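Asks: Below are the sequence and a predicted model; questions follow.
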Amino acid sequence: MKNLIFLFVFLIFTCSGGEDANAQNHDDIFTIYLVRHSEKDLESNNSSNPPLSECGQIRSENLRRFFKDVPLEVIYSTDYIRTTTTAMPTATAKELGIENYNAEHLKEFSELLLDRKQNALVVGHSNTTGVLAGLLNNENLEAYDSDIYDRIYQVVIYNDKARLHLLHMPLDCID
């Protein structure tokens, strides 16, 4: 009877992989979310670095609500008012800082994201967000139209294999 109990305990421990295997599995799966900054104020005097419009501020708050129950470890943004302001509500709610990245070096940044293996939110631009999602997933994705703001790219990486999901966050700001 003792041999059966020992065998049963041994099989349970072996099949579960023990604590070290569970910790390793956690490290092998992580998710990177990529969004374009929210709507910018096209009437701003600062045309090269405009703030968000009222609609953009609402979308940024909606992003915060979307990510409420999503475990994030780090938030990245380019160094523009519109991207950091888009990331700010989520960063504040998660009590995370915002790390800047250079959108001109997407290949290197994609490698950094994959090496760090962290659940992350990346806020970028219409000409970088899809491209970066493609780099993370080994696909050739291109920039998209500058009037599209509702895309959320979710890249799930498990055992160095990526799966890309395209989500949409509708919001119509009509006067």
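Replies: Perfect, thanks for sending it.
Asks: Which parts of the protein are helices?
Replies: Ranges of helices in the chain, per DSSP state H, are 2-16, 18-28, 54-66, 81-94, 106-116, 129-136.
Asks: Please name the bridge partners of E99.
Replies: Counting by DSSP bridges, E99 forms beta bridges with Y76.
Asks: rewinding a little: can you flag the weakest of the helices of the chain by average pLDDT?
Replies: When these are compared on mean pLDDT, helix 2-16 scores lowest, with a mean of 37.
Asks: what's the spacing between the most centrally placed residue in the chain and Q118?
Replies: The structure's the chain has its C-alpha centroid closest to Y33; by Cα atoms, centre = their mean the separation is 1.9 Å. Taking Cβ to Cβ, to the nearest Å as the measure, Y33 and Q118 are separated by 11 Å. The C-beta positions use only the backbone N, C-alpha and C, and glycine is treated the same way.
Asks: before we move on, what about I32?
Replies: 8 Å.
Asks: ok, these two, which is more surrounded?
Replies: I32 (28 against 15; other Cβ atoms under 10 Å).
Asks: Local confidence estimate at the more buried one?
Replies: Reported pLDDT for I32: 98.
Asks: Could you give the bridge partners of it?
Replies: Beta-bridge partners for I32, by DSSP bridges, are A120, V155.
Asks: check contacts around it.
Replies: Taking Cβ atoms under 8 Å, 6 or more residues apart in numbering, we find I32 in contact with L113, N119, A120, L121, V122, L136, Q154, V155, I157.
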